[in-house]
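[1] following is a predicted model, sequence given first.
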Amino acid sequence: MNITVVGLGYVGLVTAACLAELGHTVQGIDTDPKRVEMLREGQMPIYEPGLRELVTKNNMEGRLTFTDKYNEDVEHSLLVFLAVGTPTGDDGAPDISAVYKSLDSIIPFVKSYKVFILKSTVPVGTNNEIKKYLSKKLKTDFDVASNPEFLKEGTAVQDFMKPDRIVIGTESVKVAEIMKDLYSHFMRNNHPILIMDPVSAELVKYASNLMLALKVSFINELAILCDVIGADIRRVREGITHDPRIGSQFLYPSIGFGGSCLPKDVKALEYCSKETSAGLLIPETILNVNERQFKWFTDKIKTHYNSLKDKTFAVWGVSFKAGTDDIRESPGIKVVEELAKQGAKLRLYDPIALKNARKYFYETPYKDKITYTSSEMESVKGSDALIVCTEWLQFRSPDFEKLGSELKDKIIFDGRNLYDPEKLKLYGLAHVGVGITTIKAKAKVNS
C-alpha cells in the first residue's frame, strides 16, 4: 500500500519507519529541510532505540523516502497520515493549526479518493471538524479516520510492532476494511483492532494517558503520606500491587511524570472539561499533585541543608525517563532549576540528554551554575551530595565505595528509589528517598 506520512517528529517518524518495515511504500514529508537532510543521511533527529536501523534499512531498500516539499507523489498514496505537532497552549487547549496547514498544503495535489488519518493527538471532535473543512476544499471523495498512537518513548518501535491494541475511529465500513488491511500483520498475531466511532477513538487516547497519570500521582500521594507517618512506600506498594485488580505498572514513587504526552494530554482533558462544562475533578487534581511532587522533593533537600548557597550537587539524569533524550516537562530539569534558584551549583550527567539540557539551560539565568560532565563519577567529584532524577539502568549499581569516598556529605537524594538504604549504610552513605524515611528531612507539603 502507498502511504504518505506528514510530520517526521517522534510519532510520524516511528509510524513511517514501522509501516515501511511492514512492506508498505511510505513517503515522509516534513517542512524542516535540515530534518529531512539528516534522515536522508541516516542521522536521527530524535533518540529512540531501534529506529535508526529501521529507517536506514527501509530507506536503502526503497520503501521509505523523505522530502521537505509537498508534491505530486501524494496522489499515489491512498492513505495520508497526519502526525504533526499539536502543542498545548497556556489555557491547556491543543493547538491544531499545524493540522490545517498540512491539509492546505496537500489539497492541491489530491486528484482522487484519499483517507486522511489523524495520528496526532487532537481534541475530541476534531475528526468531524476536519470532515467539514475538507468537504469545502476538496472536489474528490475522501474519508477521515482517527488512529491514535500509544507509543512510549524508549520502546516506541516495539510498541508499534507489538501493540496492545489498535484503535480506529470511523463510521465508514470501507475505511474500516482499508485500515484492517493496513494492519493485517497485527491481526494475524492476535493484536486486537478496535473499530469505533471517531469521538470515542479520540477520547480513548486522552483517557488512557489520564489513567496512567493518575496511577503515578496516586503512588506519589501515598509516598508523601508514608514520609509523614513513617511507613515505607516500598512495602506499601508491594502490598497493594499483588492485588490483580490494581497491578503494578506505573505505580512507582518518583519526583513526578513528564514528557510530551502525559502532561499535555491531562491539560487538554482539563480544558475539554471546562469547555463542555463536564465538571471533571480528576484532571486538575492530577496536575496539582504532579506539580507539587518535584517541589516536595526539593524541599526535602533544602530542609536537610537549611541553605543551599555554596552547595554543589551531582545530578544523575535529566531526561523525563530512561530510554529517551526528551527533557520536555522533565521533573529532573525542574529539580535542577529549583535548586539553582536557591543558589546551588549543579554537576549534571545523563547518558544521552545532556545536549538537550545544555540547549535548554543556555536560555535561562542559571546557566553559569550548571556544569555538564562526561560520566556519573565525574559528576560527583567535588559534590556535596548526589541527586538521582532518572532511572537509567546504569545508575542502579554504581561503585558505592567510590561514591562514599567522593561525596563530601555522603548522602544520596534518591528521586526514583533506586537504592536500598540498608545497603548504602555499608558504604557510609545516607539515603533520602520518596516515601522512605531513613533520614528525617521532612518537607512542607504545599497545598
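    Sure, I can see it.
[2] can you give me the strands in the stretch 251-400 of the chain?
    Secondary structure of the stretch 251-400 of the chain by DSSP state E, counting those that start in this stretch: the strands cover 312-316, 345-349, 370-372, 385-388.
[3] tell me the buried residues in the last one?
    The neighbour-count criterion (16 or more other C-beta atoms under 10 Å) identifies 385-388 as the buried residues of strand 385-388. C-betas here are computed from N, CA, C, even on glycine.
[4] which parts of the helix or strand just after it are buried?
    Once strand 385-388 ends, the next helix or strand along the chain (criterion: DSSP states H and E) is helix 400-406. The neighbour-count check on helix 400-406 (16+ other C-beta under 10 Å) flags 400, 403, 406 as buried.
[5] with respect to residue 89, which of those residues is nearest?
    Taking C-beta to C-beta as the measure, residue 89 lies nearest residue 403 of those, at 43.4 Å.
[6] state the distance from the nearest residue to residue 23 once chain neighbours are set aside to residue 18.
    For residue 23, ignoring the flanking residues on the chain, the nearest one in space by C-beta to C-beta, 6 or more residues apart in numbering is residue 63 at 7.2 Å. Remark: distance between residue 63 and residue 18 (C-beta to C-beta, to the nearest Å) = 11 Å.
[7] burial count for residue 125?
    14 (other C-beta atoms under 10 Å).
[8] that older thread, wait, the residue nearest to residue 23 sits on residue 24?
    Yes. Applying C-beta atoms under 8 Å as the test, residue 63 and residue 24 come out as touching, 7.0 Å apart.
[9] residue furthest from the geometric center of this protein?
    residue 139 (38.6 Å; C-alpha atoms, centre = their mean).
[10] just say helix, strand or coil for it.
    coil (DSSP: H, G, I helix; E, B strand; the rest coil).
[11] OK, contacts around residue 4?
    With contacts taken as C-beta atoms under 8 Å, 6 or more residues apart in numbering, residue 4 has the following neighbours: 26-29, 73-74, 77, 79-81, 106.
[12] ok, these vs residue 219, which is closest?
    Closest to residue 219 out of these is residue 81 (35.2 Å), distances taken as C-beta to C-beta.
[13] what mean pLDDT does the strand or helix carrying that closest one get?
    In the assignment (DSSP H and E), residue 81 maps to strand 79-82. Strand 79-82 shows a mean pLDDT of 98 in the predicted model.
[14] give the next helix or strand downstream of that strand.
    In the C-terminal direction from strand 79-82 (assignment by DSSP H and E), the next one is helix 97-106.
[15] what helices or strands is that next one leaning on?
    strand 2-6, strand 79-82, helix 126-137 (3 or more C-beta pairs under 8 Å, 6 or more residues apart in numbering; DSSP states H and E).
[16] including distance to residue 433, could these go into TSV?
    Formatted as TSV, the helices and strands packed on helix 97-106 follow (distance: least, C-beta to C-beta, whole Å):
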stretch	distance to residue 433
strand 2-6	43
strand 79-82	43
helix 126-137	42
